[in-house]
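Participant: Give me a 3D structure for the following:
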Amino acid sequence: MFRWNTTKTIAVCFVSVLLVVLQAGCGGYSGGSGGGNGGGGGSNAPSTPMGLTAAASNAQVNLTWNASSGATAYYVKRSTTTGGPYTQIATPTTTSYADNSVTNGTKYFYVVSAYNSYGQSANSVEVNAIPTAPLPPSVPTGLQATAGNTQVSLTWTASAGATSYHVKRSTTNGGPYTQVAAPTTPSDADTGLTNGTTYYYVVSALNVAGESANSSQASAIPVNATADVTITVSPSITKPISPYIYGINFYSGIIGAPPLLTFDRAGGNRWTAYNWETNASNAGSDYIYSNDNYLSSSNVPAEAVRTFIAGDQAKGVASLVTFQLQGLVSADENGPVSTTNPPDLTRFKTVVDKKITVSNVPFTMTPPTTDANVYMDEFLWALDQRFTGMGIFGANPTHPTFVSLDNEPELWNSTHLEVQGSAAVTSDSYITKTINLAKALKDQFPNVVIFGPVHYGFQGMYNWQGELNATPSGTNWFPDKYLQALKTASTMYGKPLVDVYDFHWYVEEYDSNGTRILNLTSTTLTDAQVQLIVQSPRALWDPTFTDVGNSNPWIYRELGSTPINLLGRLQAKINAENPGMKISITEYENGGWNHIAGTIAQADNLGIFGSQGLFAASFWPPNGTYSYALAGFRAFRGFDGANASFGDISLQATSSNVQNVVVYASTDSTTPGRTVFVAINRSNSAQVTAINGATLSGTAHLYQITASLAMGQNPVAPVSIGTMAVGGSSLTITLPALSVTTIDVH
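Facilitator: Numbers count the residues shown, from 1 in each chain. Coordinates of the predicted model:
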């Protein structure tokens, strides 16, 4: 074999380096076993750098590019003329470089080449950039000053490029002004003022480049005015607030979902025909009556549900999962099912509540998929086995899993024609199905919490979609029949069979054009549309709400033109016929998805759920964007941008004008002396609001959502507007028009 004199070879290479002429072939021995992938950079010159970008900033251009195969370093070259000639300015070993030796206003052209010990690549494609000195932010606009008792609340429109603001005050019209605050958000609360004195304000915006000119002036006169609305808090009348009212459907799949929710539901039409043994399902009329693997492509039994629960456990969230009650589930994943003469029993398997009634084979984690049946008690057992040691269906799990008895059964003959056929399930048949499945599940896990009947809406609850002859004030609604039957069956069984009465609530409010408010997705709405949205939650509880403004108040009319008061009516029936049963609303919507009206309605819902003692609730995410609705959660959960949340004990709070203002009050069992209010102004004007009756001491920390504060936010969230000292049993605050204000006193 021919041998090189390696000593001489190295010497030659060293000379070549000194000459800065990197010759291909020199240094060919890499010493590695990978055949050219060692420190020598391979056996060829590197490839030309791709993806070069130039981003200009103040007296700087930042360059980045993609790594070149075989490169050990790069040449960065610059010119002030397109096409060169270029001057080498740096030799970085990484794929980025910050050029700080540039002059603002000059256009620079860059190329990059790659090199290793075999040579240099060609230049990259040329890019250019013009470094520019930043400009001060624009002058703030829209300054508004709202007077309160010894304070003035200020809001303004955010300035482009601003990192902070200077709030300046004077007692003389036109100044001179003295700086009194430096907030980073476009709002401030100026407290400790003298009532009866006129205060004048301007605001400037700042960033690293400097300060803008002052805004236009705004003024206000703080005054201990007669309250427009009086809120009377009764600290002795309390209810525990269930942790499970802050819920949503499909939490893990919601972009921009608030971080501190507590309850997640896997429900909807897709789950009625879910086969836990194979994860096959059929969404019915939601999607071409197709048997498919949409919920999970896994063949591991119950994997679609296991992954859902596991995700919730990781988030520290309780789960609600659906168990099949209709009677048939998908037997394959082979696409659309004929609905000509349903059901096609070659495409479905029969649901059996209790396995031992038809089979002596013990429960198994891998049930055969070729038999005719799918067993619900085995499904529950298998889920528990997948979470061994966690006791998710036990008495006191850290993050429980609850069971829902299917979904919207009154509509099975339309939503699930493929399994139900055209004949609706009767109320008697449904109740029998409920009792049988609940017994089978409770036989397996006595402490499992069961939800039913999961109505789709008002007609299901009122008269089982027209089957019953219900009357507005009678005891002949479906709940009367259901509650009485369950009480009898539960007494015989020895414990409650269904623990939570569950229904869905999609508000039936229509504007003057006949458009349902759920379909009002615009960022601009008429005053009438706004009021329909913000007043709509009152149908759940307010015995004075008469559905004014609704162009199609059919529920109000069906109830004999008496207030809807749905929760009040249902609770009265529960108290009379099956005391102790809880209430949940596992799907609901109120509209206003891209408007402050949606924030107000959602915040109102959460306040209602807590004050009315609901056990659980989960918002149904609409199509499109709905950050404003999600902001309603943030008024209660994490309103400080961290972990501060509404209390866990509700205090009764009544309003002298509930049409304009409602306040929800709470205390915190973990922090004695802490009181939290959520104050909602759904009127089009500021409301001086006196909150009386709760003993307060310390500092009130104020967080607010208004249309102007929300503008440009993503996600929409409460903004800190300052603090105020409080003491005694009264707090007076001016609530801006169409606003949600969280008041955290501690």
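
Participant: and the closest residue to residue 394 other than its chain neighbours, what does it touch?
Facilitator: Sequence neighbours aside, residue 447 is the residue nearest to residue 394 in space, at 5.6 Å (criterion: C-beta to C-beta, 6 or more residues apart in numbering). Using the backbone N, CA and C atoms, a C-beta is placed for each residue, glycine as well. By C-beta atoms under 8 Å, 6 or more residues apart in numbering, the contact set of residue 447 is 393, 394, 395.

Participant: Can I get those residues in JSON lines including distance to residue 712?
Facilitator: Formatted as JSON lines, those follow (distance: C-beta to C-beta, whole Å):
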{"residue": "393", "distance to residue 712": "46"}
{"residue": "394", "distance to residue 712": "47"}
{"residue": "395", "distance to residue 712": "48"}
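
Participant: Give me the buried subset of the residues you listed.
Facilitator: residue 393 (16 or more other C-beta atoms under 10 Å).

Participant: Show me which of the contacts of residue 447 is closest to residue 688.
Facilitator: Checking the contacts of residue 447 against residue 688 by C-beta to C-beta gives residue 395 as the nearest, at 48.9 Å.

Participant: Now do the lengthiest strand in the chain: which elements does it pack against?
Facilitator: As assigned by DSSP state E, the longest strand anywhere in the chain is strand 687-705. Other elements packing on strand 687-705 under the criterion 3 or more C-beta pairs under 8 Å, 6 or more residues apart in numbering; DSSP states H and E are strand 229-240, strand 661-667, strand 675-681, strand 719-735, strand 739-745.

Participant: Let's see that with 6 Å instead.
Facilitator: strand 229-240, strand 719-735, strand 739-745 (3 or more C-beta pairs under 6 Å, 6 or more residues apart in numbering; DSSP states H and E).

Participant: what about dumping the CA coordinates of it to CSV?
Facilitator: C-alpha atoms of strand 687-705 as CSV (Å, rounded to 0.1, in the frame of the first residue of the first chain):
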residue,chain,number,x,y,z
GLN,A,687,-73.3,53.1,37.6
VAL,A,688,-72.3,54.3,41.1
THR,A,689,-72.7,51.1,43.1
ALA,A,690,-72.7,50.7,46.8
ILE,A,691,-71.9,47.3,48.2
ASN,A,692,-73.2,47.1,51.7
GLY,A,693,-73.3,44.4,54.4
ALA,A,694,-70.0,42.6,54.2
THR,A,695,-67.3,43.5,56.7
LEU,A,696,-64.2,44.6,54.8
SER,A,697,-60.7,45.5,55.9
GLY,A,698,-57.5,46.2,54.1
THR,A,699,-57.0,47.0,50.4
ALA,A,700,-59.3,46.3,47.5
HIS,A,701,-57.4,45.2,44.4
LEU,A,702,-59.3,46.1,41.3
TYR,A,703,-59.3,44.2,38.0
GLN,A,704,-61.5,45.2,35.1
ILE,A,705,-62.7,44.3,31.6
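
Participant: in its sheet, what does that strand sit against?
Facilitator: Applying DSSP bridges, strand 687-705 is found paired with strand 229-240 (parallel), strand 719-735 (antiparallel), strand 739-745 (antiparallel).

Participant: where does this structure dip in pLDDT?
Facilitator: 1-43 (pLDDT under 70).

Participant: where do the helices sit along the stretch 251-400 of the chain?
Facilitator: In the stretch 251-400 of the chain, the helices defined using DSSP state H, counting those that start in this stretch lie at 303-315, 376-386.

Participant: For residue 692, find the nearest of those.
Facilitator: helix 303-315 (39.0 Å).

Participant: Assign the closest residue to residue 682 other than its chain neighbours to helix, strand or coil.
Facilitator: Closest residue to residue 682 apart from its sequence neighbours, by C-beta to C-beta, 6+ apart: residue 534 at 3.9 Å. Three-state call for residue 534 (DSSP: H, G, I helix; E, B strand; the rest coil): helix.

Participant: so how many other residues sit close to residue 534?
Facilitator: Residues near residue 534, counting by other C-beta atoms under 10 Å, number 27.

Participant: ok, now residue 399?
Facilitator: 18.

Participant: so how far is residue 392 from it?
Facilitator: Here the criterion is C-beta to C-beta, to the nearest Å. By it, residue 399 lies 8 Å from residue 392.

Participant: And residue 666, by the same measure?
Facilitator: Distance from residue 666 to residue 392, by C-beta to C-beta: 29 Å.

Participant: How about residue 132?
Facilitator: Counting by C-beta to C-beta, the gap from residue 132 to residue 392 is 58 Å.

Participant: Show me which of the two is the more surrounded one.
Facilitator: residue 392 (23 against 13).

Participant: Surely the more buried one is in contact with residue 403?
Facilitator: No. Residue 392 is not in contact with residue 403 according to C-beta atoms under 6 Å; the separation is 10.4 Å.

Participant: on that earlier part again, just name the most buried of the helices and strands packed on strand 687-705.
Facilitator: Burial of the helices and strands packed on strand 687-705 is given as mean neighbour count (mean count of other C-beta atoms under 10 Å); strand 739-745 ranks first at a mean of 25.

Participant: Off-centre distance for it?
Facilitator: 20 Å (C-alpha atoms, centre = their mean, to the nearest Å).

Participant: Next, the angle from it to strand 661-667.
Facilitator: Per axes from the mean of the first three to the mean of the last three C-alpha atoms, to 10 degrees, the angle that strand 739-745 makes with strand 661-667 is 30 degrees.

Participant: In three-state terms, label the spatially closest residue to residue 459 that is not a sequence neighbour for me.
Facilitator: Nearest non-adjacent residue to residue 459, counting by C-beta to C-beta, 6+ apart: residue 465, 5.3 Å away. Classification of residue 465 using three-state DSSP returns coil.

Participant: Tell me which residues of the longest strand of the chain come out buried.
Facilitator: 687-691, 693-694, 696, 700-705.

Participant: Around the residue lying closest to residue 638 once chain neighbours are set aside, how many other residues sit close by?
Facilitator: Closest residue in space to residue 638, ignoring its immediate chain neighbours: residue 260 at 4.5 Å, by C-beta to C-beta, 6+ apart. Look at residue 260: counted by other C-beta under 10 Å, it has 19 neighbours.

Participant: how close does residue 260 sit to residue 729?
Facilitator: From residue 260 to residue 729 the distance is 30 Å (C-beta to C-beta).

Participant: Between the helices and strands packed on strand 687-705, which one is closest to residue 169.
Facilitator: strand 719-735 (13.5 Å).

Participant: Next, the angle from the closest one to strand 675-681.
Facilitator: Using the same axes, to 10 degrees: strand 719-735 against strand 675-681 is 70 degrees.

Participant: which residues touch strand 719-735?
Facilitator: 146, 148-149, 185, 187-189, 191, 679, 681, 686-693, 695-697, 699-704, 709, 741, 745 (C-beta atoms under 6 Å, 6 or more residues apart in numbering).

Participant: tell me, how many neighbours does residue 210 end up with?
Facilitator: For residue 210, using other C-beta under 10 Å, the count is 12.

Participant: again but with residue 518, I slipped
Facilitator: By other C-beta under 10 Å, neighbour count at residue 518 equals 19.

Participant: How about it: what's its closest non-neighbour residue?
Facilitator: The nearest residue in space to residue 518 (C-beta to C-beta, 6+ apart) is residue 591, at 4.7 Å.
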